[in-house]
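K.L.:
I'll drop the sequence and a predicted model, then ask my questions.
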Amino acid sequence: MKPILEVKNIEKYYGNKGNVTKAINRISFDVEPGEYVGIMGASGSGKTTLLNCISTIDKVTSGRILVNGKDITKLKGKQLSRFRREQLGFVFQEFNLLDTLTIYENIALALTIMKTPAKEIEDRVRSIAERLLIGDILEKYPYQVSGGQKQRTACARAIVSNPSLILADEPTGALDSKSARMLLDSIETLNLELNATILMVTHDAFTASYCKRILFIKDGKIFNELIRGDDSRKQFFDKIIEVVTLLGGDSTNVF
């Protein structure tokens, strides 16, 4: 089966000839359909820059990034906008919901832009809202619901258009521990039940323990890789802590 995402020897430099910073230094990896992959690394390691390049927020200096076999580093203008709209789903630390729209309308927005028929929009929005346990707040506005509910709304918005790849940047960063657990359970549901392909950046070992595979980034390069396999989340968490310790980082949450 062909990978959803292929990252091929990408580099990202900042600065000029006299003062060049290598944020990403020849990174390569693939993500298969239905995988749930985490990216970890200390602050300044290059993990967010990597996600920004994959999401087309930033441009690589060299190398190629392919999604479903298409080199997205060459896309411009309308092609790039269409790719983002149809192929990517985003979940950020800040929820990025529109306060003037209801929860239902926030989730439905991407489908509305894509001119999806109204009946199909309603069916898809209500189906994903029920899976994420927010079916009872669809008529409320973002300011009327909790942080955890906002982030699950962001997850619903990310998946409702059936994108090829969901990108999550520190999705639990603004949540308390209970809300974070509920969100991670929800993301896991999307992965297991809907076969959603997820790439998530996190600094937190507990959050990362939900992934099936983790890439550890150090100084712009892949430092290590862990595959969960048959491990329990607790066993995987312990292995993550060992690598984080080697990286010289820390993890604020305990299991």
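P.N.:
Received, thanks.

K.L.:
low pLDDT regions in the stretch 51-200 of the chain?
P.N.:
By pLDDT under 70, the stretch 51-200 of the chain has no low-scoring segment.

K.L.:
Strands along that one, start to end?
P.N.:
Along the stretch 51-200 of the chain, counting by DSSP state E, counting those that start in this stretch, strands occupy 62-67, 70-71, 88-92, 165-169, 198-201.

K.L.:
Quickly compare the ones you listed and say which is most buried.
P.N.:
strand 198-201 (a mean of 26; mean count of other Cβ atoms under 10 Å). No exception for glycine: its C-beta is placed from N, CA and C like everyone else's.

K.L.:
Count the residues that sit near the closest residue to residue 99 other than its chain neighbours.
P.N.:
Of all residues not flanking residue 99 in the chain, residue 142 sits nearest, at 5.3 Å (Cβ to Cβ, 6 or more residues apart in numbering). Using other Cβ atoms under 10 Å, residue 142 has 20 other residues around it.

K.L.:
need the longest helix for this protein.
P.N.:
helix 177-194 (DSSP state H).

K.L.:
got the angle for that one vs strand 88-92?
P.N.:
170 degrees (axes from the mean of the first three to the mean of the last three Cα atoms, to 10 degrees).

K.L.:
So which bits of the helix or strand hosting residue 15 are buried?
P.N.:
Per DSSP states H and E: residue 15 is located in strand 5-16. Residues of strand 5-16 classed as buried: 5, 6, 7, 8, 10, 11, 12 (neighbour count, 16 or more other Cβ atoms under 10 Å).

K.L.:
Not counting its neighbours along the chain, what's nearest the first one?
P.N.:
Meaning residue 5. Nearest residue to residue 5, sequence neighbours excluded (Cβ to Cβ, 6+ apart): residue 31, at 4.0 Å.

K.L.:
Give the full set of residues in contact with the one you found.
P.N.:
Neighbour list for residue 31: 3, 4, 5, 37, 165, 197, 199 [criterion: Cβ atoms under 8 Å, 6 or more residues apart in numbering].

K.L.:
what about the last one, distance to residue 233?
P.N.:
Pointing back at residue 199 there. Noted for residue 199: a distance of 19 Å to residue 233, by Cβ to Cβ, to the nearest Å.

K.L.:
Tell me, how many residues neighbour the residue nearest to residue 34 when sequence neighbours are not counted?
P.N.:
Closest residue in space to residue 34, ignoring its immediate chain neighbours: residue 195 at 4.4 Å, by Cβ to Cβ, 6+ apart. Look at residue 195: counted by other Cβ under 10 Å, it has 10 neighbours.

K.L.:
before we move on, back to that, what helices or strands is the strand holding residue 15 leaning on?
P.N.:
Secondary-structure packing of strand 5-16 (3 or more Cβ pairs under 8 Å, 6 or more residues apart in numbering; DSSP states H and E): strand 19-31, helix 47-54, strand 62-67.

K.L.:
Now the longest helix of the chain: buried residues?
P.N.:
179, 180, 181, 182, 183, 184, 186, 187, 188, 190, 191.

K.L.:
Might one say that the first one is in contact with residue 147?
P.N.:
Same thing as residue 179. Yes. Counting by Cβ atoms under 8 Å, residue 147 is a contact partner of residue 179 at 5.7 Å.
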